[in-house]
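Trainee: have a look at this fold, sequence not included:
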Ligand code: UD1
């Protein structure tokens, strides 16, 4: 297993370009199962999760070609039986269930896996599909779904922690080919969900209320092929903003859409980090002392749970106490123990992490536990003095395109060590 070797203490300086959004492209790829025509998706990040989704689609009978940041998919003929081992490995794969059911009226897909960030139920996905008229049963690790015809209905998709991102995408995709009108109340409003909706509209779907908690989908008989560019990855953008701030650097971030992460910009500014638009890009600059800042993760447009770990790494640099509260995933504090190895002082009180910032960080071997936790460890390693080795970076490779190359261009001393 590869690791990163980071010699920290160097402020990041220079320019970085943000890649396409992983969390948007995965459901977009699943949506191509809704048509027999060719779909072209551009600005696709080269990530292990994205290639893996390509393999899943191939295993269902689709032709998938990656070339220069573009994926071309033609699902002329598909089967509705997903390979157990493949799907189990990736959370995003649950998104094939809605499209397969809508297209074939019958599908069997294994229960999905993903990051270890808490229990990750799929009850809302199942509730939505049932409401559309699917008969579901779970046996031997598979979800078996069948329907004579999906029929539009009004359904409430909110759960204990608020709306569901992939659940909304899944049900919306299924509803595009259902008979009549589907209204999803408490729909997720994340930019990635809007991207899926816009992609479906470009295929001929009828969807209104995009970006609002009420989505109305009027079923059509068929969808056609499309050529579409995926949105930039707001989580990657926020990761680089936090990394620049934590190392007291100055970085120009290209290609990001600041309107997609206003809550993070607000908190960075509260922490005393300067972030301003400059020539179509975002300039982040951190010269002053970083101020302790409290953050609570919430559904969009609140502070994203996917930036909680990276922001915590930044708060380790802010003298004083910051309270970071996680409201989306209950066990998403796996990075706390690893940050402590670098010298951070953090305690967990229920859903909150109390960061006593300003303690000196010094390099140590640490273990990445999930995608965003890994990014937090890289940020802390860049800010620490001495050498940090981040083990198990396959988690990072799932969601960050050429991270070490991008960081090296910003002056970071970071290397990939193979097989350690
Ligand atoms: C997506 C993102 C993930 C992000 C998360 C929240 C992808 C591939 N992953 O995950 O990076 O952290 O949104 O922004 O896009 N829930 C239920 N029942 C369900 C589904 C979800 O109770 O059927 C709960 C979850 O346990 C969690 C909350 O709802 O507490 C939000 O989860 P959800 O939005 O569904 O996350 P994902 O779509 O899986």
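Mentor: Yep, it's here. All figures in this text were calculated on a predicted structure; none of them were measured in a lab.

Trainee: how far away is residue 107 from the ligand?
Mentor: Separation of residue 107 from the ligand (CB to the nearest ligand atom, to the nearest Å): 17 Å. Using the backbone N, CA and C atoms, a C-beta is placed for each residue, glycine as well.

Trainee: make that residue 391, sorry
Mentor: As judged by CB to the nearest ligand atom, residue 391 and the ligand stand 22 Å apart.

Trainee: just residue 301 next, same as before
Mentor: Counting by CB to the nearest ligand atom - residue 301 and the ligand are separated by 12 Å.

Trainee: and that residue, helix, strand or coil?
Mentor: Three-state call for residue 301 (DSSP: H, G, I helix; E, B strand; the rest coil): coil.

Trainee: and the pLDDT for it?
Mentor: For residue 301, the pLDDT comes out at 98.

Trainee: what's around it, how many residues?
Mentor: By other CB atoms under 10 Å, 15 other residues sit near residue 301.

Trainee: and what of residue 227?
Mentor: Residue 227, neighbours per other CB under 10 Å, totals 12.

Trainee: kindly report the same for residue 325.
Mentor: That count, for residue 325 with other CB under 10 Å as the rule, works out to 17.

Trainee: name the residues of the chain found near the ligand, please.
Mentor: 23, 26, 91-92, 120-125, 159-161, 164-167, 188, 192, 305-306, 328-329 (CB under 6 Å from any ligand atom).

Trainee: chain center to the helix or strand containing residue 335, what's the gap?
Mentor: Assigned by DSSP states H and E, residue 335 belongs to helix 334-341. Centre-to-centre, helix 334-341 and its host chain are 21 Å apart (CA atoms, centre = their mean, to the nearest Å).

Trainee: quick one: the helices in the chain?
Mentor: Secondary structure of the chain (DSSP state H): helices at 22-31, 48-59, 84-88, 97-104, 123-131, 165-176, 191-202, 234-246, 262-270, 308-315, 334-341, 371-383, 394-399, 403-409.

Trainee: of those, which shows the lowest average pLDDT?
Mentor: When I compare those, helix 84-88 is least confident, with a mean of 75.

Trainee: how about residue 343, nearest residue that isn't a chain neighbour?
Mentor: When the adjacent residues along the chain are set aside, residue 343 lies closest to residue 361, with 4.8 Å between them (CB to CB, 6 or more residues apart in numbering).

Trainee: tell me how far residue 281 lies from residue 320.
Mentor: Residue 281 sits 31 Å away from residue 320, going by CB to CB, to the nearest Å.

Trainee: neighbour count winner among the two?
Mentor: residue 281 (19 against 14).

Trainee: so who does that one touch?
Mentor: 15, 252-256 (CB atoms under 8 Å, 6 or more residues apart in numbering).

Trainee: dump the helices of the chain into a markdown table; add mean neighbour count and distance to residue 211 as well.
Mentor: Formatted as a markdown table, the helices of the chain follow (neighbours: other CB atoms under 10 Å; distance: least, CB to CB, whole Å):
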| stretch | mean neighbour count | distance to residue 211 |
| --- | --- | --- |
| helix 22-31 | 28 | 14 |
| helix 48-59 | 19 | 24 |
| helix 84-88 | 17 | 29 |
| helix 97-104 | 26 | 20 |
| helix 123-131 | 20 | 19 |
| helix 165-176 | 28 | 12 |
| helix 191-202 | 23 | 5 |
| helix 234-246 | 28 | 14 |
| helix 262-270 | 18 | 13 |
| helix 308-315 | 29 | 23 |
| helix 334-341 | 20 | 31 |
| helix 371-383 | 29 | 24 |
| helix 394-399 | 21 | 24 |
| helix 403-409 | 18 | 29 |
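
Trainee: give me the domain ranges for this structure.
Mentor: Using automatic domain parsing, the domain ranges for the chain come out as 3-18+232-417, 22-229.

Trainee: can you give me the end-to-end span of the shortest one?
Mentor: From its first residue to its last, domain 3-18+232-417 covers 5 Å (CA to CA, to the nearest Å).

Trainee: try the last one
Mentor: Between the opening and closing residues of domain 22-229 we find a distance of 13 Å, counting by CA to CA.

Trainee: can you tell me which residues contact the residue lying closest to residue 300 once chain neighbours are set aside?
Mentor: Leaving aside its sequence neighbours, residue 300 sits nearest to residue 190 (CB to CB, 6+ apart; 4.3 Å). Residue 190 sits next to 23, 165, 299-300 when contact means CB under 8 Å, 6+ apart.

Trainee: repeat for residue 93
Mentor: Counting by CB under 8 Å, 6+ apart, residue 93 makes contact with 30, 53, 56, 82, 86-87, 109, 112.

Trainee: pick out whichever of the residues you listed sits closest to residue 226.
Mentor: Among the contacts of residue 93, residue 30 lies closest to residue 226 (CB to CB), at 14.0 Å.

Trainee: roughly how far apart are the closest one and residue 41?
Mentor: On the measure of CB to CB, residue 30 and residue 41 end up 11 Å apart.

Trainee: distance to residue 176 added to the contacts of residue 93, as JSON lines?
Mentor: Formatted as JSON lines, the contacts of residue 93 follow (distance: CB to CB, whole Å):
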{"residue": "30", "distance to residue 176": "12"}
{"residue": "53", "distance to residue 176": "19"}
{"residue": "56", "distance to residue 176": "20"}
{"residue": "82", "distance to residue 176": "20"}
{"residue": "86", "distance to residue 176": "25"}
{"residue": "87", "distance to residue 176": "22"}
{"residue": "109", "distance to residue 176": "18"}
{"residue": "112", "distance to residue 176": "21"}
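
Trainee: of these, which is the nearest to the ligand?
Mentor: Of all those, residue 112 has the smallest distance to the ligand: 8.5 Å, by CB to the nearest ligand atom.

Trainee: any idea how far that closest one lies from residue 159?
Mentor: 16 Å.

Trainee: do the same with residue 104
Mentor: In terms of CB to CB, residue 104 sits 27 Å off from residue 159.

Trainee: same thing with residue 178?
Mentor: Relative to residue 159, and taking CB to CB, residue 178 is found at 22 Å.
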